[in-house]
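S.K.: here's my sequence, what's the structure:
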Amino acid sequence: MKTLSLLILFFANIITCKEITTVYVCNSPGAKKYHNSSDCRGLSNCTYKIIKVDIEKAKKEGKTLCGWEK
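M.R.: Next up is the predicted model:
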């Protein structure tokens, strides 16, 4: 019974955990961060267009996760 309970919890965790593959960035030349949410506090100062990009592309461009979302 204990094993069954552990298996159910394990698979429930796998199903509910989704990996973020798309992020948001400010499309300015000096932008250095990416954001998991389009309404992140860190995007409030963006005067350029906020665009949705693949997380791998953002990382290749040298962007790191916004400090408000860590």
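S.K.: can we go C-alpha only for contacts and neighbour counts from here?
M.R.: Fine.
S.K.: hey, which helix or strand in this structure has the poorest pLDDT?
M.R.: Ranked by mean pLDDT, DSSP states H and E, the helix or strand of the chain with the weakest confidence is helix 2-16, at a mean of 57.
S.K.: now the strands: where do they sit in this structure?
M.R.: For the chain, the strands defined by DSSP state E occupy 22-26, 33-34, 50-54, 64-65.
S.K.: mind putting those into JSON lines with distance to residue 40 and mean neighbour count?
M.R.: As requested, these are arranged in JSON lines below (distance: least, Cα to Cα, whole Å; neighbours: other Cα atoms under 10 Å):
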{"stretch": "strand 22-26", "distance to residue 40": "9", "mean neighbour count": "21"}
{"stretch": "strand 33-34", "distance to residue 40": "10", "mean neighbour count": "23"}
{"stretch": "strand 50-54", "distance to residue 40": "11", "mean neighbour count": "14"}
{"stretch": "strand 64-65", "distance to residue 40": "11", "mean neighbour count": "16"}
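S.K.: and the ones you listed: which comes nearest residue 43?
M.R.: Among the strands of the chain, the nearest to residue 43 by Cα to Cα is strand 22-26 (6.9 Å).
S.K.: now that closest one and strand 50-54, what's the angle there?
M.R.: On the basis of axes from the mean of the first three to the mean of the last three Cα atoms, to 10 degrees, strand 22-26 is oriented at 140 degrees to strand 50-54.
S.K.: any chance you could list what contacts strand 22-26?
M.R.: Strand 22-26 is contacted from outside by 31, 33-38, 43, 46, 48-55, 58, using Cα atoms under 8 Å, 6 or more residues apart in numbering.
S.K.: same check on stretch 31-42?
M.R.: Here stretch 31-42 makes contact (Cα under 8 Å, 6+ apart) with 20, 22-26, 43, 50, 58, 62-69.
S.K.: can you do 7 Å?
M.R.: Residues from elsewhere that reach stretch 31-42 (Cα atoms under 7 Å, 6 or more residues apart in numbering): 23, 24, 25, 58, 62, 63, 64, 65, 66, 68.
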